[in-house]
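1. 3D model of this:
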Amino acid sequence: MDTLRYVPFGTATWRNPHPLYRRLRDEEPLHWSEAARCYVLSRFEDVFRAARDTETFSSAQGLTFTNEVEELGLAPTIVMMDPPDHTRFRRLVSRGFTPRQVHELEPAVRAFVTDHLERLRTDGIGDFISGLARPLPCFVVASYLGVSEQDRDQFAGWTHSIVQAGTHGHDASAMDALANLYGFFTELVERRRIEPGDDMISTLVAADDGSLRLEEILGYAFVMVAGGNDTAIGLLGGAAELLTEHRGQRQRLLRDGALIPNAVEECLRLTSPVQGLCRVTTKPVTLHGVDLPSGTRVLLCYGAANRDPREFGEDADEMDVGRSINRLMTFSSGPHFCLGAAAARLQGRVVLEELLARCPEFEVDAEAGTFADGAFTRRYETLPFTAS
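-> Next comes the predicted model:
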C-alpha cells in the first residue's frame with residue numbers, strides 16, 4: 001500500500017478526496033503532513049471536540065497553513081479571534097442573523113432563484129455555477145450588507161474578482177476590486193451613520209454606541225464577502241451533483257417534498273464546502289498518544305469528519321435524504337459556529353425546491369465540471385447543466 005500522505009488539495013485533486021480521508025481516519029487519525037507542515041485530525045469526535053475547545057485550539061494565529069494575519073499585516077477579523085474578543089464581536093453581529101431576518105429574505109431569494117432557473121430551463125443547457133450557484137450567494141450577501149439595487153451589478157463584479165483571487169492569486173484585477181470594495185464599504189459605513197437601514201452595516205455602526213472601529217466593521221464585511229460566497233457555491237454545485245448521481249434519492253424528494261430540509265442537511269454533510277481549517281494549540285495536548293507542544297498547527301478536517309462511519313454509520317459515504325443527523329461539522333461547532341448557517345440552509349432549500357419543481361429531470365455533468373483551486377474550500381468553478 002502507498003505511504004499515507006496528506007498533501008493540500010487543489011483544482012486537480014478536489015474531485016475525490018474521500019479515499020484519502022478514509023485512510024486518515026482508519027490508519028492515522030492524527031497525521032503529520034510534511035507538505036502542509038501541520039497535523040491533520042480526521043475523525044468526527046476529535047474534530048468536534050477540538051473545534052469547541054477554543055482555550056486549547058486557537059484561531060488567533062490564522063486558519064490556514066501559515067499565520068496569514070502576521071504575514072499579510074491584516075487586522076484580525078471575527079474568524080481569527082478567540083474569546084473573549086470573539087464573544088463580544090459575535091454578540092454584536094449575531095443581531096443581523098435572527099430567524100426573522102432570514103425568514104424575511106426568503107421571498108427575494110425565491111424570486112431570484114426562479115428567475116435564474118427559468119433562464120437555464122429556457123436555454124436547455126448552460127453552466128449551473130455561472131447560471132445560479134455563483135450569483136445567488138452574491139445576491140444574499142449584498143442583501144445582508146445593505147448594497148442598494150443600483151450598486152448590485154458593480155458589487156457582483158468586485159465580489160467575483162475577490163472570490164477568484166482565492167483561487168488564482170491576488171492579481172491586479174483582484175487588488176483593484178479589493179480597493180474598490182474597501183472604498184465602497186467605507187462610504188457605506190459613513191452613510192449608515194447618518195441614514196441607518198435594516199442591514200448588517202447599520203447593525204454594526206449602531207453597536208456599542210458606535211465604538212466599533214471602522215477597520216472592524218470593514219473586516220466583517222469582507223468576511224461575509226469571502227466566506228458567504230464560495231462556501232454556498234460549494235453547497236449548491238455539490239447538491240446538484242449528488243442529486244444527479246443518486247437518482248433514487250431524487251425520486252424520494254419528488255414524491256415527498258417535506259424531506260427537502262433534511263436533504264439540505266445531507267448535502268451539507270456530504271459536500272462540506274469548507275473541507276477544513278487550522279487551529280494552533282495554546283498549551284501542550286496529547287492526541288492519539290502523541291504529545292503536541294504549545295504552538296502546534298492542527299488542521300481540523302471537516303470533510304473527513306462528516307463522512308466518519310463512527311458518527312454516521314457504515315453508509316456514511318452514501319446519500320440518504322432521510323438520514324437522522326444529530327451533529328455536523330460543515331459549519332464548525334462551538335464559539336466559531338458559522339453565523340451564516342441559516343442563510344446557507346435557506347439558499348439550499350429554496351434551490352432544491354425550485355430545481356425539482358421546474359427541472360425535475362435535470363442533470364449536471366460532474367466529470368466535465370472543473371474545480372476551483374485552493375486548499376480549504378471545495379467547490380465547482382464550472383458545472384455543465386442540462387434542464388431535462
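2. Please save the CA atoms from stretch 248-265 in PDB.
-> C-alpha atoms of stretch 248-265 as PDB (Å, rounded to 0.1, in the frame of the first residue of the first chain):
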ATOM      1  CA  GLY A 248     -33.300   7.200  -6.200                       C
ATOM      2  CA  GLN A 249     -32.900   9.900  -3.600                       C
ATOM      3  CA  ARG A 250     -34.100  12.500  -6.100                       C
ATOM      4  CA  GLN A 251     -37.300  10.400  -6.600                       C
ATOM      5  CA  ARG A 252     -37.800  10.400  -2.800                       C
ATOM      6  CA  LEU A 253     -37.800  14.200  -2.800                       C
ATOM      7  CA  LEU A 254     -40.100  14.400  -5.800                       C
ATOM      8  CA  ARG A 255     -42.600  12.100  -4.000                       C
ATOM      9  CA  ASP A 256     -42.200  13.900  -0.700                       C
ATOM     10  CA  GLY A 257     -41.100  17.500  -0.700                       C
ATOM     11  CA  ALA A 258     -41.200  17.600   3.100                       C
ATOM     12  CA  LEU A 259     -37.900  15.700   3.000                       C
ATOM     13  CA  ILE A 260     -36.100  18.600   1.300                       C
ATOM     14  CA  PRO A 261     -34.900  20.400   4.500                       C
ATOM     15  CA  ASN A 262     -33.400  17.200   5.700                       C
ATOM     16  CA  ALA A 263     -31.900  16.600   2.200                       C
ATOM     17  CA  VAL A 264     -30.200  20.000   2.600                       C
ATOM     18  CA  GLU A 265     -28.500  18.700   5.800                       C
END
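3. in it, what counts as buried?
-> Gln249, Arg250, Leu253, Leu259, Ile260, Asn262, Ala263, Val264, Glu265 (16 or more other CB atoms under 10 Å). Using the backbone N, CA and C atoms, a C-beta is placed for each residue, glycine as well.
4. ok, which pair from these is furthest apart?
-> Pairwise distances across the buried residues of stretch 248-265 peak at 16.2 Å for Arg250 and Glu265 (criterion: CB to CB).
5. for the stretch 251-388 of the chain, what spans make up the strands?
-> 277-281, 285-287, 290-292, 297-300, 363-364, 370-371, 380-382, 384-386 (DSSP state E, counting those that start in this stretch).
6. Could you dump those strands into JSON lines and include mean neighbour count, distance to Thr13 and mean pLDDT?
-> As requested, the strands of the stretch 251-388 of the chain are exported to JSON lines (neighbours: other CB atoms under 10 Å; distance: least, CB to CB, whole Å; pLDDT from 0 to 100):
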{"stretch": "strand 277-281", "mean neighbour count": "21", "distance to Thr13": "18", "mean pLDDT": "97"}
{"stretch": "strand 285-287", "mean neighbour count": "14", "distance to Thr13": "26", "mean pLDDT": "98"}
{"stretch": "strand 290-292", "mean neighbour count": "13", "distance to Thr13": "26", "mean pLDDT": "98"}
{"stretch": "strand 297-300", "mean neighbour count": "24", "distance to Thr13": "16", "mean pLDDT": "98"}
{"stretch": "strand 363-364", "mean neighbour count": "21", "distance to Thr13": "20", "mean pLDDT": "98"}
{"stretch": "strand 370-371", "mean neighbour count": "18", "distance to Thr13": "8", "mean pLDDT": "98"}
{"stretch": "strand 380-382", "mean neighbour count": "21", "distance to Thr13": "14", "mean pLDDT": "96"}
{"stretch": "strand 384-386", "mean neighbour count": "21", "distance to Thr13": "21", "mean pLDDT": "98"}
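7. Minimum distance to Asn306: which of those has it?
-> Going by CB to CB, the one of those nearest Asn306 is strand 297-300, 11.4 Å.
8. which residues does the residue lying closest to Gly303 once chain neighbours are set aside contact?
-> Nearest non-adjacent residue to Gly303, counting by CB to CB, 6 or more residues apart in numbering: Gln275, 3.7 Å away. Counting by CB atoms under 8 Å, 6 or more residues apart in numbering, Gln275 makes contact with Phe9, Pro17, Cys301, Tyr302, Gly303, Phe376, Thr377, Arg378.
9. just checking, which of these belong to helices?
-> Tyr302, Gly303 (DSSP state H).
10. How far off centre is stretch 285-304?
-> Per CA atoms, centre = their mean, to the nearest Å, the displacement of stretch 285-304 from the mean C-alpha position of its chain is 23 Å.
11. One more: stretch 332-347?
-> 9 Å.
12. who touches the residue sitting nearest the centre point of the chain in this structure?
-> Most central in the chain under CA atoms, centre = their mean is Thr231, positioned 2.8 Å from the mean C-alpha point. Shown in contact with Thr231 (CB under 8 Å, 6+ apart): Pro137, Pro273, Val274, Gly340, Ala344, Thr377, Arg379.
13. which ones are touching the first one?
-> Put plainly, it is Pro137. Contacts of Pro137 (CB under 8 Å, 6+ apart): Gly228, Asn229, Thr231, Ala232, Ile233, Leu236, Gln347.
14. Work out for me the element the fifth one sits within.
-> It stands for Ile233. helix 214-245 (DSSP states H and E).
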